[in-house]
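Asks: Fold the following and give me the result.
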Amino acid sequence: MIPYSLLDLSPIPEGGSASDALHNSLDLAQHAEQWGYTRYWVAEHHNMPGIASSATAVLIGQILAATKTMRVGSGGIMLPNHPPLVIAEQFGTLATLYPDRVDLGLGRAPGTDMKTAAALRRGMAGADRFPQDVVELIELFQKSKGDQPVRAIPGEGTKVPIWVLGSSLFGAQLAAQLGLPYAFASHFAPDALEEAAALYRHRFTAGETPKPRFMLAANVFVADTEENARRLRTSPQQGFLNLRRGTPGPLPKPVSSFEEVASPAEARLVNSALRVTAVGTKTTVAAQLRDMIDRYQPDEIMLTGMIHDHQARLKSFKMAADVMQELAA
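Replies: Okay, the predicted model is just below:
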């Protein structure tokens, strides 16, 4: 069976609060563990009115405390925002408290706008050091050498698994070169998906990971009827469109049809960016996920779904887990 995992941006729903979002994430994580999800990842974003996972390591610690066996990690930490030593200490602390349960997915983008990136003190130029920073992190997680002047305490010797996250050929090439697992952000930027997966597998050199490990990210919206599932999907469609319009906000309430609130050109843009999506009843979603798996041959699949109503989100992810188990059977 292909392992299936869950990516949660801790969405702040329209009419709700950041407190609601964070408590919903803890509740979803506890259910996801029961439903057989392998990993539960949260993502770093800043200055986003609809996302509550900005203090990513803090939230990961809370989710680890609320669960027992599931791996928990970042999808991802935006490394240009941080000195590698700080991340090594944060995730080394988590790995020391919760051995063999912590993942560290790393992204090259700042995860925000330029003004906010500057406010984070690292500036946009930090992206240029991404390969060196990844190597530095790998070394900080190894057992320290006697003459090593800078050490991550806690952190050294924990060998926290590092994933490279990306939506371009750059990340695929870096992950292959360093021998690291690679997760592609196909849930919102799928244009280079096939080429990146092929490049990663072709150029992979054994390193921390002995053989290529490719993760596909997909949006999923499952409900009892096709109509209800499509309605759930309109929330992230609206949210993505608002972001493109420069008017980000809380995750919008669903509408009967996305085309009601978007022009034809806007609808085409949003639907193209979010096209790696399975939406419908369990039967429909099973066929769509099977097609994705057959086409891209991922070693793992990361499911995500920005759904406004928490109970509907729980139900969707429960039904998605049922689908993945049925596909394996």
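
Asks: Roughly how far does the closest residue to Asp20 other than its chain neighbours sit from Ala65?
Replies: Closest residue in space to Asp20, ignoring its immediate chain neighbours: Pro13 at 6.6 Å, by C-beta to C-beta, 6 or more residues apart in numbering. Yep, even glycine has a C-beta here, placed from its N, CA and C like the rest. Distance, Pro13 to Ala65, using C-beta to C-beta, to the nearest Å: 24 Å.

Asks: So those two - more neighbours on which side?
Replies: Comparing Pro13 with Ala65 by other C-beta atoms under 10 Å, the one with more neighbours is Pro13, at 21 against 12.

Asks: beta partners for the more buried one?
Replies: Beta-bridge pairing for Pro13 (DSSP bridges): Leu251.

Asks: okay but Gly36 is in contact with Ser5, surely?
Replies: No - in this structure, Gly36 is not within contact of Ser5 by C-beta atoms under 8 Å, at 10.0 Å.

Asks: out of these two, which sits in the more crowded spot?
Replies: Using other C-beta under 10 Å as the criterion, Gly36 and Ser5 rank with Ser5 on top: 23 against 15.

Asks: list the contacts for the residue nearest to Asp20?
Replies: By C-beta atoms under 8 Å, 6 or more residues apart in numbering, Pro13 lies in contact with 20-21, 250-251, 253, 308-310.

Asks: Give the PyMOL command for selecting the buried subset of these.
Replies: A single PyMOL command is used to select the members of those judged buried by 16 or more other C-beta atoms under 10 Å:
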select buried, resi 20+21+250+251+308+309+310
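
Asks: In helices only, show me the contacts of Pro13.
Replies: Per DSSP state H, helices hold the following members of the contacts of Pro13: 20-21, 310.

Asks: Which one of the residues you listed is nearest to Leu303?
Replies: Looking at these and their distance to Leu303, the nearest is His310, at 16.6 Å (C-beta to C-beta).

Asks: Apart from its chain neighbours, what residue comes closest to the closest one?
Replies: Closest to His310 by C-beta to C-beta, 6+ apart is Asn24, at 4.7 Å.

Asks: mind checking how far the one you found is from Pro13?
Replies: 8 Å.
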